[in-house]
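Engineer: Output the structure for:
(2 chains)
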Amino acid sequence: MDNWRAHWSNSLKALSLTVLVACATISASHAQDGEKLFKQNCASCHTTTTKKLTGPGLEGVFDRVPSEEWAIAWVKNSQNLVKAGDPYAVKIFNEYNQTLMTPFEFLSDEEITAIFDYIKNPPAPEEPVIVDDGGTEDAEESSSTNPLPILFTIGLLFFVLIIVLSGAQKSLQTLVNQKAGLPAPQDRTFGQSIADWFKKNKALVTILILILVLGGLKYAWDEMMNIGVYEGYEPEQPIAYSHKIHAGENGVACVYCHFGAEKGRAAGIPPANVCMNCHKYIDEGPSGKGEIAKIYAALDYNPETQTYGPNQKPIEWVRVHNLPDHVYFNHSQHVVVGKIECETCHGPVKDEYTVGKQFAPLTMGWCINCHRETGLQMADNGYYEDMHERYKGKFKKGETITVDKMGGLECGKCHY
Amino acid sequence: MSTKKYWKSLDQLENTEEFQESAKNEFPSTSPVADLLSNEKLDEGSTNRRDFLKFLGFSVTAASLAACETPVRKAIPYLNKPEEITPGVANWYASTYADGSDYASIMVKTREGRPILIEGNKLSQVSKGGLNARVAGSVLSLYDTARLTQPLSGGTPAEWSAIDSEITAKLQAIDAKGGIIKILTNSIISPSTKAVIADFKAAYPNAQVEQVVYDAVSFSGTLDANQASFGKRALPDYHFDKANVVVGFGADFLENWPASSGYVADYAKLRSPKSGKMSKHFQFETNMSLTGSNADVRKSIKPSEHGKYVLALYNEIASAKGASTYSVGGELEYADTVKKAAAELLKAVGKSVVISGSNDVNVQTVVNAINYLLGNYGATINLNKQVNLRSGDDKAVTQLVSEMKAGSVDALFIYGPNPSYTLANATDFNEGLSKVGLSVSFSGNLDETASLAGYVCPDHHYLEAWNDANPKVGQFSLAQPTIRPLFNTRAAQESLLAWAGKPADYYNYIKSYWATNITADWNKALHNGVFAKAKDIPVEGEAVAPATLTYTDNSASAASAIAATKAGGEWELELYVKAGMGEGQQANNPILQEFPDPISRVTWDNYITMSPKRMKELGLNHLQGQEQEADVVELTANGVTVKAPVCAQPGQKYGTIGLALGYGRTKAGKCGDGVGVNAFPLISWENGVSHLENTNVTIKKTGEKYHLAATQTHHTMMGRDIVKETTLAEYVKDNKSGNPDVLLNTTNHGPQPPENVSLWDNHDIAKGHRWGMSIDLNACIGCGACVVNCSLENNVPVVGKDEVRRMREMHWLRIDRYYTSDMTEEKAEAEGLGAINKFHQMEDPSENPQVSFQPVMCQHCNHAPCETVCPVAATTHSNEGLNQMTYNRCIGTRYCANNCPYKVRRFNWFRYRDNDKFDFHMNSDLGKMVLNPDVIVRERGVIEKCSLCVQRIQAGKLKAKKAGRKVKDGEIQTACSAACTTGAIKFGDLNDDAMEVTTLAKDPRSYNLLAEVGVQPNVYYMTKVRNIENEA
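Structural biologist: Okay, the predicted model is just below:
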């Protein structure tokens, strides 16, 4: 009974809490709407601070404009005010080089008020959070320390042990011999004793040598196979760009910047003017303004006039993924037709603070394995429907048609 | 003078014996090596043999380890990416090629802002999607290391601003005294440029500014004849697509004729036997021209007989039409053929063309009379829709030279021509040039003329510049820059505008000119590259509007002049223009130098062509081959003597010789200088008109020998049916005539088709794609544009003359040219000839042979013999029917090349890039800009061959896959099929019934080359059908 009562009262408490939270949410929703609407409609030209973008910074705007009603009218259609000859409207219009502000007639008065409320009480500027990923990586590094020195130490210990033990054995033998009245054992050198031991244990020695030779060969083979393979290559780059911040935290689509991946052979490094689509407004990252300023410097960008200057200097990135010249690789084939995720070959860029790091070995074996395992994306593709018709009877029903079954392992598909 | 003496050493002061000895040896030859080796204590030295081996081993290991290090590669993106460029994706721009003689509306393929290939623009009603080898190769001239990088004043580099102020000041001085200013140009077909020249004239109103139009190969005679006959100095437009009968007199209208690309396309339309009808083409000519080699009936005549044959034809037509006839003044060898031609012409009234290449106004007058009698004006010949190319006036040029020599010309601007090289009286011109106060050349290269000019203001290359063209009345096209100017050059028009005191902005100038005069829709015109002004193009049938053009029959005086022509001397000369070199403007273009002449197959040279019979009589070597040296003779004409090797040319008229213009440049650049001899001084000028013919020249043997480099040294088919042939009459009777099924005798199963007799298992060729090609030998005229574009598309290296002579040329696509022989299997049997005798005689082409052309590339055999012999599986078969070549696997055994029945595999004997021994375009950063980034440049020691442009196939498939549809017909074109003006080469998927190539492969005319070998190629040829009588 008590149990039941307790349960009931708990439920009640939970219920009341839910209601309370809900109420609180409702009261806060107005401001949140304002924030959302501001970001959707206004943020590309205005900030809530005093910083000018295409339009003026909006901090303290309501101290400047004639009235809030005027502001609503202005937001809905600023040109009407200008045409009507409103003095303040004309002043602002001329001040901003007669740039038209997009009319927002689809916004209701309530929504605009919500935006105004947001502008009046903007969120406190966030302290840049510097995530110290390097620390955790270091920890991982130490936990998986190189086993070689340990093995070497153990080996050394055993070696000392053998010498000590053989010395002990020698003195023991001398003692035994003394007791038995035999002459002391011959004082042989260490080398001689080793040679004697080798002679006694021929089979063991042969096996040991064999293992050593085979091990050496295996090591040499592995090393040779790694010539020209630069898995994990992560060169120093001119700008400390982070894929984690852009693609991970901010969810920018890979192909927004690497637009070439859908169009042609090269995914490409984005041109600086693509960076400026966002960084015209965002001039500060977690590590300060330094890195983004490098883009501005490259473009000779003047934030005041928002124009590119004449003294432009290209950004010299270091190429991370280097395929040999005799391979033809086309990104759009894999991204658009094959619908392969970027991460399949480029690794978890969204989780790593890297500019660029070679994730895949990029060897021919790696390419071919994937071609052997990956099925063709034939659904809703007229090309493959036509091919399917032609290949009738060649494949079993339900069989996955992998790339190699359509000639994806042939030399001439990648080498020409 | 000082008497002090200085000694270098005490030895010198004492003058010891040792010093005297050493003074004799300026460079002492004693070296420490001998001392070292003679040292008996060598073994005791610190470095013994074992140490040496250690060092050696260490350095080898270190070197190989260092080689493993991958260099850090930079990737530098655009800062501000142009909207239309996506790295890795090609852009195509419509533009225009016009150099006064050739015109083509073109599509320029650019990669990352570099033009790398040119194809024809199918929207053009003038060039009709066609282009010739010179236009195709012109993209490489953009990356010519001999181009001027900046303006020159008095031979030294100068600033544009300084040059502008100097020239303007001089011009103003000339204007003030009312001096003479001449602008020497080639035939300018750009209306905006003409307007710029007019503006320039207007800026100097007091001076006498005159434009002189000069074409190195002149059509002055035709122009003057049309002036006399119709009152209009213009070249007519021809409609070969309506001409059922064509009679040509030395007119190479398929290769060297104003706007010939369009004519080639039209001509080919009537050369298909499909409907049972074909045009009939008679050609009377001296040299074997490309046009003549395609004629159904070809007769070789002497240049001195040219006019008489025209007159004889006129007489035949005139007597049938009841017009007055004239005396020919002698018997003609081929009077029968003339009669036959006349009969054919009379059957095709209003549907024929008679055309002559002579620059003699009398001959052209009679040709006009013939065409008038045949009612061709307004039907197949259109004088209202005139061709604006080759509008040069020889008489004005002659006058200019004499005025210059007299010192009366104050300023000379040279835009286009290179008279110091092309004028027969170049020394007079040069002398005159030195007397001209202000001489300015716009040449992009420091050529023969520019190097003598006071100022050189280099023009952009045409691919860097804005321009427009008006090749025919009512037909306009635009040229747009496809690359930012590589050097500090300036458009000639902008220079003229600057000196006329106008803003030097030719782009806006053209734009406003077009807006006012041509069309308001600039963007569309620019996109299409062409614009046709409908109201200027006369409706068919009323091409000769009687009100404006009236025919004046002035044939009588012309005929008497022709009849009075004296017979030529022992030797008559006809100069001609080669398909690859033209007038020599692009002599420094290695791809065009290595382009084999379509007829002689000789590269890197011009030479005297002579009939083999005459050569044997003279004891000159008529054979060709790696070790066969040509004899050098001295040729004297107009008092000018040149030395040139002699090359046997079957079909050349006995007693005549030919020599190509455009060679022997001295200031073209590293590739073009000293290649061949300059034949321009041999041009004869009579009555102020230039003639390529010279009826009295002398030949003298010199005993010298010379190597010619030919890509084909065997000229006949030796009785085999490599090119299958039939006649139209036979074809109409039986579509399979000339192309019987190939059957092989088997022991147990009787005659069987070759595919049933095979050692190998079949590839599964019925499924998926099977890429293949069909080549219509009736449509192929052998022009070779495909060869040039193949080389450019596939980064085929240029190997140079010496390597070509060793048969090591790298062309993936060759055009075999075969002559017929008088000896046939049947004839040998009838005469009872032994095998050796028979084959020996079969090697000799006929005196006037029939010619056939056959493009041969890798045949992509389904049972490829190369694949079975490769020890490393470097050449394998794809599931799409391609014979693939994997360069990185190839170890260079060359077994495959030995086993290929078509001899299409090429071996990289050397590294042809970055190699000073092969100092062509692949040896400089500038030249390498033309390389196609989708195709690898092959290394030394590997085999390469035609891939059927696998990069284009892959790209085409990808396009279809991305769009989610099947591959469309015609969507994928190989470089050769895209370059083919006549549509002879068709490419497609042989497993797709909807494709044209599949239909063609099943045509009764279709056959596989050497089908009896049983290799089952994916390339098909179509029997050549000649429109001749069976007995002919």
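Engineer: so residue B:266 touches residue B:253, yeah?
Structural biologist: No. Contact criterion CB atoms under 8 Å: residue B:266 and residue B:253 do not qualify, at 10.2 Å. All C-beta spots, glycine's among them, are computed from the backbone N, C-alpha and C.
Engineer: For the stretch 151-300 of chain A, just list every one of the helices.
Structural biologist: Ranges of helices in the stretch 151-300 of chain A, per DSSP state H, counting those that start in this stretch, are A:190-200, A:202-225, A:243, A:254-257, A:260-263, A:272-279, A:290-299.
Engineer: so can I have TSV of those helices showing distance to residue B:226?
Structural biologist: Shown next, in TSV, are these (distance: least, CB to CB, whole Å):
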stretch	distance to residue B:226
helix A:190-200	108
helix A:202-225	77
helix A:243	72
helix A:254-257	62
helix A:260-263	53
helix A:272-279	57
helix A:290-299	61
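Engineer: if I look at residue A:58, how far off is residue B:430?
Structural biologist: 77 Å (CB to CB, to the nearest Å).
Engineer: likewise residue B:200?
Structural biologist: In terms of CB to CB, residue B:200 sits 25 Å off from residue B:430.
Engineer: These two: which has the busier surroundings?
Structural biologist: Legend: neighbour count by other CB atoms under 10 Å in any protein chain shown for residue B:200 and residue B:430, higher for residue B:200 (24 against 17).
Engineer: That one contacts residue B:495, correct?
Structural biologist: No. Applying CB under 8 Å, one finds residue B:200 not in contact with residue B:495, separated by 9.6 Å.
Engineer: picking that back up, when residue B:266 and residue B:253 are compared, which one has more neighbours?
Structural biologist: residue B:253 (23 against 20).
Engineer: what are the phi and psi values for the closest residue to chain A within the stretch 451-600 of chain B?
Structural biologist: Per CB to the nearest CB, the residue of the stretch 451-600 of chain B with the smallest distance to chain A is residue B:484, at 15.3 Å. For residue B:484, the backbone dihedrals are phi -70, psi 140 (criterion: degrees, to the nearest 10).
Engineer: Can you name the residues that contact it?
Structural biologist: Applying CB atoms under 8 Å, 6 or more residues apart in numbering or on different chains, we find residue B:484 in contact with B:113, B:464.
Engineer: What of the one 10 residues further on?
Structural biologist: Going by CB under 8 Å, 6+ apart, residue B:494 touches B:504, B:505, B:506.
Engineer: Not counting sequence-adjacent ones, nearest residue to the last one?
Structural biologist: When you say that, I think you mean residue B:506. residue B:493 (4.5 Å; CB to CB, 6 or more residues apart in numbering or on different chains).
Engineer: Near the one you found, how many residues? Count them for me, please.
Structural biologist: Neighbours around residue B:493, by other CB under 10 Å: 29.
Engineer: What does the pLDDT read for it?
Structural biologist: Note on residue B:493: pLDDT of 93.
Engineer: Pretty sure it sits in a strand.
Structural biologist: No. Per DSSP: H, G, I helix; E, B strand; the rest coil, residue B:493 lies outside any strand segment and is helix.
Engineer: Quick check: it touching residue B:507?
Structural biologist: No. Counting by CB under 8 Å, residue B:507 is not a contact partner of residue B:493; they are 10.0 Å apart.
Engineer: ok, now which ones touch residue A:60?
Structural biologist: residue A:50.
Engineer: Give me the most central residue, the chain.
Structural biologist: In the absence of a named chain, this looks at chain A. residue A:349 (1.9 Å; CA atoms, centre = their mean).
Engineer: not quite, I wanted chain B
Structural biologist: Geometric middle of chain B (CA atoms, centre = their mean) lands on residue B:580, at 2.4 Å.
Engineer: burial count for residue 147?
Structural biologist: Let's take chain A. 8.
Engineer: could you do chain B instead?
Structural biologist: 21.
Engineer: Quick check on it: phi, psi?
Structural biologist: phi -70, psi 150.
Engineer: So which elements touch the strand or helix carrying residue B:592?
Structural biologist: According to DSSP states H and E, residue B:592 maps onto helix B:590-594. Helix B:590-594 makes packing contacts with helix B:133-141, helix B:785-793 when contacts are defined by 3 or more CB pairs under 8 Å, 6 or more residues apart in numbering or on different chains; DSSP states H and E.
Engineer: out of the ones you listed, which comes closest to residue B:696?
Structural biologist: Counting by CB to CB, residue B:696 lies closest to helix B:133-141 out of those; the figure is 31.8 Å.
Engineer: now that closest one: how far from the chain's centre is it?
Structural biologist: Computed by CA atoms, centre = their mean, to the nearest Å, the chain-centroid distance of helix B:133-141 equals 8 Å.
Engineer: Give me the contact list for the next helix-or-strand element following that helix.
Structural biologist: As assigned by DSSP H and E, the chain's next helix or strand after helix B:133-141 is strand B:152-153. With CB under 8 Å, 6+ apart as the test, strand B:152-153 has contacts from B:158, B:162, B:163, B:166, B:446, B:454, B:455, B:456.
Engineer: One more pass at 7 Å, please.
Structural biologist: Strand B:152-153 has contacts (CB atoms under 7 Å, 6 or more residues apart in numbering or on different chains) with B:158, B:163, B:166, B:455, B:456.
Engineer: Now rank the residues you listed by neighbours and give me the top one.
Structural biologist: residue B:456 (30 neighbours).
Engineer: residues near the nearest residue to that residue once chain neighbours are set aside, how many?
Structural biologist: Sequence neighbours aside, residue B:152 is the residue nearest to residue B:456 in space, at 4.2 Å (criterion: CB to CB, 6+ apart). Residues within reach of residue B:152, counting by other CB under 10 Å, total 21.
Engineer: same thing with residue A:357?
Structural biologist: Residue A:357: 19 neighbours (other CB under 10 Å).
Engineer: Roughly how far does the closest residue to it other than its chain neighbours sit from residue A:356?
Structural biologist: Ranked by CB to CB, 6+ apart and with sequence neighbours excluded, the top spatial neighbour of residue A:357 is residue A:234, at 4.1 Å. As for residue A:234, its distance to residue A:356 is 7 Å (criterion: CB to CB).
Engineer: out of the two, which sits in the more crowded spot?
Structural biologist: residue A:356 (20 against 15).
Engineer: State the distance from the nearest residue to that one once chain neighbours are set aside to residue A:355.
Structural biologist: Using CB to CB, 6+ apart and skipping the chain neighbours, the partner closest in space to residue A:356 is residue A:320 (3.8 Å). Between residue A:320 and residue A:355 the computed distance is 8 Å (CB to CB).
Engineer: One more: residue B:667?
Structural biologist: Taken as CB to CB, the span from residue B:667 to residue A:355 is 52 Å.
Engineer: if I pick residue B:849, what's in contact with it?
Structural biologist: Per CB under 7 Å, 6+ apart, neighbours of residue B:849: B:650, B:651, B:819, B:820.
Engineer: The residue nearest to it when sequence neighbours are not counted pairs with what?
Structural biologist: Excluding its sequence neighbours, the residue lying closest to residue B:849 (CB to CB, 6+ apart) is residue B:819, at 3.7 Å. Counting by DSSP bridges, residue B:819 forms beta bridges with residue B:716, residue B:851.
Engineer: out of the contacts of residue B:494, which are buried?
Structural biologist: B:504, B:506 (16 or more other CB atoms under 10 Å in any protein chain shown).
Engineer: what's the closest of the contacts of residue B:494 to residue A:393?
Structural biologist: For these, the nearest to residue A:393 is residue B:506 (63.6 Å; CB to CB).
Engineer: in the stretch 801-950 of chain B, which spans are strands?
Structural biologist: Per DSSP state E, counting those that start in this stretch, the stretch 801-950 of chain B carries strands over the ranges B:814-819, B:851-856, B:875-877, B:883-885, B:906-907, B:943-944.
Engineer: Highest mean neighbour count out of those?
Structural biologist: Between those, strand B:883-885 has the highest mean count of neighbours, a mean of 25, where neighbours are mean count of other CB atoms under 10 Å in any protein chain shown.
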